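[1] coords please:
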Amino acid sequence: MPKQATALKFHERMSGFFVAKKFTLSPSSPLSQKEFEQEAERFDRLPFEFNLTIQVPNLEKFFGDNSAPSMVAGTVTDIRFGDSLPIEEGYFHLFTRPAASPDRNTAKEMHYTLFFTDREKKKWTLFGYKNLLKENTADIWSQTTTLYFYLWEGHSLYENFSDKTITGVGILKISPADFLKQLTTFRTNAPSAIKDKQVILKYFKAFLGNLWEVYAPFVFSTTTQRWNEHFFPPQTIQGVHQGECTLHPLDTRDGLSISIQRFKTQPSQDVVLLIHGLTSSTDMFIMPEHENLVNHLHKSGFSDVWSLDWRGSGRFTYNLTPHRYTIDDIAEYDIPRSLQHIREQCGRDVRIHVIAHCVGSLAFMASYAAGYVDNLASITANSVSLTPQVHRPAMMKMMVGPELLENILGYPYISPRIPYMPGTTFGKWIPAMERSLRHECKEPACHMISFMWGWGFPAVFNHRNIHPTTHRRLADLFGGTSFHYHKHIRKMLLQKQSVSWDGKINYLEEMKKRKLPPTLLISGAENHIFPQSNRLTFEAFKGTLNETQVQYREFAHYGHQDIFMGQFCDQEIFPELVQFLKQHSVQQPQTKARLRIA
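    Have a look, this model is predicted:
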């Protein structure tokens with residue numbers, strides 16, 4: 001006879017208010033706590049409460065995974081008639097990863113999902129969450145006893161990436177008296193009184209251990225427990241909604257393996273090639289947590305999209321060695337090889353539109369200037385192209401950082417994943433140092449990316465534009481790299497223009513001799529990585545044969561990486577990029593690009 005699982009149950013009462021509020025809850029814009037609290041001021045709020053019996057059916061399973069669901073029974077207030085309605089089915093997750101709160105400092109959440117039916121046989125779902133913020137010790141009581149909830153028709157689970165039509169919202173709280181009463185209700189099915197007390201104490205220990213992880217000071221926290229945390233499988237294609245996804249390994253002429261990924265819904269005469277920045281990858285264009293660039297291009301009629309993972313991609317482990325690759329290598333070997341492969345697959349007469357970002361853009365423009373690639377339909381280059389410049393503090397880091405880290409400290413690479421590595425060595429001083437400077441958020445990977453690139457708080461994006469899930473998975477979206485690319489960029493910064501590693505090629509001057517295809521230079525107005533760099537390139541083309549070929553567009557409230565990875569890009573960025581592509585595609589009348597600055 002199988003051994004009976006040890007179970008635990010307890011009672012919980014929470015009371016507060018409900019207000020009618022009809023709106024569509026989008027995963028990209030959940031209500032903030034402040035918005036919930038504003039509803040408490042309404043005159044038409046209704047009293048609301050629930051009385052629950054929460055049962056943990058298998059404590060061994062729970063101790064192995066504290067986010068395992070517990071079962072819920074009890075009653076909730078009928079919002080129409082004020083009486084109590086039985087809960088038909090319910091789930092309680094004691095500690096689970098952030099999903100419902102927009103606060104980027106959220107460490108963990110508690111989730112309540114309650115299904116019930118009213119007198120008129122209408123089905124309802126109550127979903128509520130408690131929000132536990134990192135190291136916010138002063139608010140332990142309020143955060144662990146305050147529930148923010150939504151109410152919607154029908155019985156359905158809360159899904160972080162689907163819209164919900166909300167009927168109303170509210171806030172419930174546990175009073176001190178109810179909390180003390182709750183502590184007396186814990187019961188188990190243990191075979192003896194001693195075992196019963198041991199099991200209950202172990203449950204409380206797990207509870208307090210989770211609180212310690214959330215609220216303890218940084219030096220004592222267990223960030224390393226997130227070493228293997230992945231909201232989505234690494235390199236997932238879950239974010240691509242339509243068509244065929246294929247991966248094409250490529251070998252370069254200098255003997256390195258790179259890859260290019262194809263996302264095709266149907267053949268097209270106009271294909272788009274996406275080129276990521278240093279330490280990012282194709283992942284930045286196919287993010288599942290919101291509308292991504294590949295999906296937006298497909299919806300806009302560009303049905304054949306390719307994405308190059310060049311040698312600086314975070315997907316390649318050879319970047320975690322002290323290599324000596326330069327931007328010249330990307331320009332001479334990686335980019336021409338990718339264009340050659342696209343033409344082999346799609347035909348020699350295919351029209352290729354390039355959208356390049358950051359160091360990928362810097363390398364692509366060098367490749368075009370040196371004559372390694374040609375015959376393109378259009379180019380869109382973000383942040384930097386031929387005249388890189390950085391803020392003065394970033395330049396100071398560039399002057400000493402690569403040699404300090406590689407030659408003196410002996411680090412083969414630096415990575416946003418360093419704060420999460422087990423142990424207390426290998427660069428743990430860097431996130432500790434950054435943390436002493438940074439108070440804009442408490443995500444170690446965000447601090448590390450700011451340390452690796454540029455100067456700002458944060459450096460790489462505007463927090464307003466980044467989805468909380470993106471913020472949580474930065475260590476999966478940005479990889480590590482050795483320091484030789486930094487050294488090459490430093491040479492360009494000292495020259496104030498794009499030059500080859502050996503100084504023999506001035507890519508800006510070479511580009512002035514070649515006629516560009518229609519080219520759109522873009523940047524965020526709050527770009528703290530390469531501030532105003534593309535504007536300088538735009539100015540440099542005045543009076544040259546490329547003057548009428550180049551446009552410049554600057555996006556307010558955007559930084560560097562959020563131009564492509566932001567949660568609002570499908571509304572604020574991508575439509576303008578698509579408009580430019582359509583102006584130079586075979587489906588649209590050919591319109592001559594005009595010199596424009598915005």
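[2] Below-threshold pLDDT in the stretch 451-598 of the chain: ranges please.
    Applying pLDDT under 70 to the stretch 451-598 of the chain flags residues 587-598.
[3] Now do the helices in it.
    Using DSSP state H, counting those that start in this stretch, the helices of the stretch 451-598 of the chain run over 468-472, 474-477, 484-495, 507-513, 533-540, 562-565, 569-572, 574-583.
[4] Longest helix of the chain, counting residues only.
    For the chain, the helix with the greatest residue count under DSSP state H is helix 193-215.
[5] sorry, back to before: just say which of the helices of the stretch 451-598 of the chain is most tucked in.
    When the helices of the stretch 451-598 of the chain are scored by mean count of other CB atoms under 10 Å, the highest mean neighbour count falls to helix 562-565 (a mean of 26). (Glycine included, C-beta is placed from N, CA and C.)
[6] send the alpha carbons of that one over as CSV?
    The C-alpha trace of helix 562-565 is given here as CSV (Å, rounded to 0.1, in the frame of the first residue of the first chain):
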residue,chain,number,x,y,z
ASP,A,562,15.1,49.4,-25.8
ILE,A,563,14.8,50.6,-29.5
PHE,A,564,14.4,46.9,-30.3
MET,A,565,13.7,45.2,-26.9
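[7] hmm, who's touching the longest helix of the chain?
    Residues outside helix 193-215 that contact it (CB atoms under 8 Å, 6 or more residues apart in numbering) are 6, 8, 56, 59, 62-63, 66, 94-95, 107-108, 132-137, 140, 144, 186-188, 190, 220-222, 225.
[8] Centroid-nearest residue for the chain?
    Among the residues of the chain, the one closest to the centroid is Thr470, at 1.7 Å (CA atoms, centre = their mean).
[9] State the distance from it to Pro288.
    Counting by CB to CB, to the nearest Å, the gap from Thr470 to Pro288 is 10 Å.
[10] Please, where are all the strands along the stretch 251-400 of the chain?
    Secondary structure of the stretch 251-400 of the chain, counting by DSSP state E, counting those that start in this stretch: strands at 257-264, 270-275, 304-309, 351-357, 378-382.
[11] okay if I get these as TSV plus mean pLDDT?
    TSV is the format used below for those (pLDDT from 0 to 100):
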stretch	mean pLDDT
strand 257-264	98
strand 270-275	98
strand 304-309	98
strand 351-357	98
strand 378-382	98
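[12] Export the ones you listed as a markdown table, with columns for mean neighbour count and distance to Ile200.
    A markdown table is the format used below for these (neighbours: other CB atoms under 10 Å; distance: least, CB to CB, whole Å):
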| stretch | mean neighbour count | distance to Ile200 |
| --- | --- | --- |
| strand 257-264 | 20 | 52 |
| strand 270-275 | 25 | 55 |
| strand 304-309 | 26 | 52 |
| strand 351-357 | 25 | 54 |
| strand 378-382 | 26 | 56 |
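[13] As CSV, the ones you listed with distance to Ile414 would be great.
    Output for those, formatted as CSV (distance: least, CB to CB, whole Å):
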stretch, distance to Ile414
strand 257-264, 22
strand 270-275, 22
strand 304-309, 20
strand 351-357, 20
strand 378-382, 23
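[14] Tell me which of those sits nearest to Asp78.
    With CB to CB as the criterion, Asp78 lies closest to strand 257-264 of the strands of the stretch 251-400 of the chain, at 48.8 Å.
[15] what pairs with the closest one, and is each one parallel or antiparallel?
    Neighbouring strands of strand 257-264 in its sheet, by DSSP bridges, are strand 244-251 (antiparallel), strand 304-309 (antiparallel).
[16] Alpha carbons of the first one, in PDB - could you do that?
    These are the backbone C-alpha positions of strand 244-251, laid out as PDB (Å, rounded to 0.1, in the frame of the first residue of the first chain):
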ATOM      1  CA  GLU A 244       8.900  28.100 -40.400                       C
ATOM      2  CA  CYS A 245      12.000  28.600 -38.200                       C
ATOM      3  CA  THR A 246      15.300  27.100 -39.400                       C
ATOM      4  CA  LEU A 247      18.800  27.400 -38.100                       C
ATOM      5  CA  HIS A 248      21.700  27.500 -40.500                       C
ATOM      6  CA  PRO A 249      25.300  27.000 -39.200                       C
ATOM      7  CA  LEU A 250      27.900  28.800 -41.200                       C
ATOM      8  CA  ASP A 251      31.700  28.500 -41.400                       C
END
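[17] on that earlier part again, so can I have TSV of the helices of the stretch 451-598 of the chain showing distance to Ser523?
    As requested, these are exported to TSV (distance: least, CB to CB, whole Å):
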stretch	distance to Ser523
helix 468-472	20
helix 474-477	20
helix 484-495	17
helix 507-513	17
helix 533-540	5
helix 562-565	8
helix 569-572	14
helix 574-583	13
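[18] which residues touch the residue lying closest to Ala394 once chain neighbours are set aside?
    Distances taken as CB to CB, 6 or more residues apart in numbering place Trp455 nearest to Ala394, at 4.2 Å, with adjacent residues excluded. Counting by CB under 8 Å, 6+ apart, Trp455 makes contact with Val390, His391, Arg392, Pro393, Ala394, Lys397, His528.
[19] Could you report the neighbour count for the fifth one?
    Residues lying near Ala394 (other CB atoms under 10 Å) number 22.
[20] next one: the second one
    A total of 16 residues lie near His391 under the criterion other CB under 10 Å.
[21] State the phi and psi torsions of it.
    Main-chain torsions, His391, degrees, to the nearest 10: phi -70, psi 160.
[22] Could you measure from it over to Gly401?
    Look at His391 and Gly401: by CB to CB, they are 14 Å apart.
[23] coming back round to it: show me the common contact partners of Thr470 and Pro288, please.
    Counting by CB under 8 Å, 6+ apart, nothing touches both Thr470 and Pro288.
[24] got any ranges where the stretch 201-350 of the chain has weak pLDDT?
    Flagging of the stretch 201-350 of the chain using pLDDT under 70 yields the residue ranges 217-222.
[25] can you map out the helices along it?
    Under the criterion DSSP H, counting those that start in this stretch, the stretch 201-350 of the chain carries helices at the ranges 293-299, 327-329, 335-346.
[26] Rebuild the ones you listed as JSON lines, extending it with distance to Arg45 and mean neighbour count.
    Output for the helices of the stretch 201-350 of the chain, formatted as JSON lines (distance: least, CB to CB, whole Å; neighbours: other CB atoms under 10 Å):
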{"stretch": "helix 293-299", "distance to Arg45": "40", "mean neighbour count": "22"}
{"stretch": "helix 327-329", "distance to Arg45": "60", "mean neighbour count": "23"}
{"stretch": "helix 335-346", "distance to Arg45": "59", "mean neighbour count": "19"}
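[27] Mind putting these into a markdown table with distance to Val460?
    Below are those laid out as a markdown table (distance: least, CB to CB, whole Å):
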| stretch | distance to Val460 |
| --- | --- |
| helix 293-299 | 17 |
| helix 327-329 | 19 |
| helix 335-346 | 23 |
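[28] To Pro86, which of those lies closest?
    Once the helices of the stretch 201-350 of the chain are compared by CB to CB, helix 293-299 is nearest, at 42.1 Å.
[29] what number of residues lie near Val199?
    Val199, neighbours per other CB under 10 Å, totals 21.
[30] separation between it and Cys245?
    Distance from Val199 to Cys245, by CB to CB: 48 Å.
[31] Show me what the longest strand along the chain packs onto, helices and strands only.
    Of all the segments assigned as strand in the chain under DSSP state E, the longest by residue count is strand 8-25. Here strand 8-25 is seen to pack against helix 33-39, strand 46-56, strand 146-153, strand 164-173, helix 176-183, strand 187-188, helix 193-215 when contacts are counted using 3 or more CB pairs under 8 Å, 6 or more residues apart in numbering; DSSP states H and E.
[32] Report the strands that pair with that strand, each with its relative direction.
    If you go by DSSP bridges, strand 8-25 pairs up with strand 46-56 (antiparallel), strand 164-173 (antiparallel), strand 187-188 (antiparallel).
[33] now the last one: mean pLDDT?
    Read that as strand 187-188. The average pLDDT within strand 187-188 is 95.
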